[in-house]
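A.B. asks: need a structure here:
(chains A, B, C and D)
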Number of protein chains: 2
Amino acid sequence: MLLTTERSGVAVRARLFRGFGDPSRLSILEALRSGFHTVSDLVKETDLSQSNVSNHLSCLRDCGLVTAEQKGRYMWYRLSDERVGELLKLAEALLADVARGVYECTRYDTPARLPETSALLEVQTNTGNRNEAN
Amino acid sequence: MLLTTERSGVAVRARLFRGFGDPSRLSILEALRSGFHTVSDLVKETDLSQSNVSNHLSCLRDCGLVTAEQKGRYMWYRLSDERVGELLKLAEALLADVARGVYECTRYDTPARLPETSALLEVQTNTGNRNEAN
DNA sequence: TCATTATATCACTATATGATGATGTAATAC
DNA sequence: GTATTACATCATCATATAGTGATATAATGA
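C.D. replies: As a prediction, the model looks like this:
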């Protein structure tokens, strides 16, 4: 039973989106859009530490977003499917139009984040409530 | 300065993807694919608590993924852009093919999750390393 | 008016998640 | 052989995030 999109597909798809939902991983994916990269390539391009990149790659591989192939002592990574690139592109386009929304984002008190990149990025993701509506 | 996709766009886009990257929010977005819904509609359809739904909606609105309009004492929510639906669809299609990847996922020790939905969903997202490569 | 319905807000708490640094392990180079 | 390079793994810790329950608010209905 290969759970694809039906039952409990929501949780799996959420996982998939999470793959894209981190700045470090997104940087890696962006880098891979231009083709094969080794881990050290990615370390250079993203300015992340080697273990950090490796761990994220491991996660991305688990999610099925990238695939790897060993050649000598190098591991060559690439996007697993062109639709990964399409998703990135589509999100880009979407963002260009809903940017105002993201722009305005500052829910609650903005729990403090990178001082430089910050401010505009504070799209809080919090939740809460009661269910008396039953 | 309306940061769209250029500088620091990675962080913003990651935020956008995070909007999709949670099972509860994804359920809400899925429900909204079929059109306008009130909060109470969504509470029924998703089995989440009212405050939970409201908080997630607040987050989704901040991300620009949904928009709302008040009519009387009801708030009518809908997807803000058809590309939101397209992203959901594309991810669905992608998942159908990379499902094997997600299927196999169990990184580290699988920190315990929903006993029923579980197992297959365990796409761990951890990271780590050292950077001596400098 | 008061009750009820529909929704939002928020403090609080438990858990998930990301980054780091240390270390393991192959593959090549010398 | 030893050294070095390329990468993976993992424990640890700090922070982000989601859910809950209580409460606020606004709109309608009686």
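A.B. asks: going forward, measure contacts between C-alpha atoms and count neighbours the same way
C.D. replies: Fine.
A.B. asks: which of the residues in stretch A:59-74 are buried?
C.D. replies: A:59-68 (16 or more other Cα atoms under 10 Å in any protein chain shown).
A.B. asks: Point out where chain A drops to low pLDDT.
C.D. replies: Counting by pLDDT under 70, the ranges of chain A that qualify are A:1-8, A:99-134.
A.B. asks: residue ranges of the strands in it, please?
C.D. replies: Taking DSSP state E, the strands of chain A run over residues A:37-38, A:66-71, A:74-79.
A.B. asks: okay, these in CSV with distance to A:Ser51 next?
C.D. replies: As requested, the strands of chain A are exported to CSV (distance: least, Cα to Cα, whole Å):
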stretch, distance to A:Ser51
strand A:37-38, 13
strand A:66-71, 16
strand A:74-79, 14
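A.B. asks: Could you work out which of these reaches nearest to B:Thr46?
C.D. replies: Ranking the strands of chain A by proximity to B:Thr46 (Cα to Cα) places strand A:66-71 first, at 31.3 Å.
A.B. asks: The longest helix along chain A packs against which elements?
C.D. replies: Counting by DSSP state H, the longest helix found in chain A is helix A:82-104. In terms of contacts (3 or more Cα pairs under 8 Å, 6 or more residues apart in numbering or on different chains; DSSP states H and E), helix A:82-104 is packed against helix B:9-20, helix B:50-62, helix B:82-104.
A.B. asks: can you list those helices in TSV and add distance to DNA strand C?
C.D. replies: Compiled in TSV, those are given as follows (distance: least, Cα to the nearest atom of the strand, whole Å):
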stretch	distance to DNA strand C
helix B:9-20	9
helix B:50-62	4
helix B:82-104	14
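A.B. asks: out of the ones you listed, deepest packed?
C.D. replies: Mean neighbour count (mean count of other Cα atoms under 10 Å in any protein chain shown) peaks for helix B:9-20 among the helices and strands packed on helix A:82-104, with a mean of 25.
A.B. asks: and that helix, C-alpha only, in CSV?
C.D. replies: What follows is helix B:9-20, C-alpha atoms only, in CSV (Å, rounded to 0.1, in the frame of the first residue of the first chain):
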residue,chain,number,x,y,z
GLY,B,9,13.3,36.2,-1.1
VAL,B,10,14.3,32.8,0.2
ALA,B,11,13.1,33.5,3.7
VAL,B,12,9.9,34.9,2.4
ARG,B,13,9.3,32.0,0.1
ALA,B,14,10.1,29.6,2.9
ARG,B,15,7.4,31.3,4.9
LEU,B,16,5.0,30.9,2.0
PHE,B,17,5.7,27.1,1.8
ARG,B,18,5.3,26.8,5.6
GLY,B,19,1.8,28.0,5.1
PHE,B,20,1.2,24.7,3.3
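A.B. asks: where's A:Gly64 relative to B:Leu16, distance?
C.D. replies: 20 Å (Cα to Cα, to the nearest Å).
A.B. asks: swap in A:Ala68?
C.D. replies: For A:Ala68, the distance to B:Leu16 (Cα to Cα) stands at 27 Å.
A.B. asks: now swap in A:Phe36 and tell me
C.D. replies: Taken as Cα to Cα, the span from A:Phe36 to B:Leu16 is 26 Å.
A.B. asks: A:Trp76 too?
C.D. replies: In terms of Cα to Cα, A:Trp76 sits 28 Å off from B:Leu16.
A.B. asks: Dump the helices and strands packed on helix A:82-104 into JSON lines; add distance to A:Ala93 as well.
C.D. replies: Output for these, formatted as JSON lines (distance: least, Cα to Cα, whole Å):
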{"stretch": "helix B:9-20", "distance to A:Ala93": "10"}
{"stretch": "helix B:50-62", "distance to A:Ala93": "17"}
{"stretch": "helix B:82-104", "distance to A:Ala93": "9"}
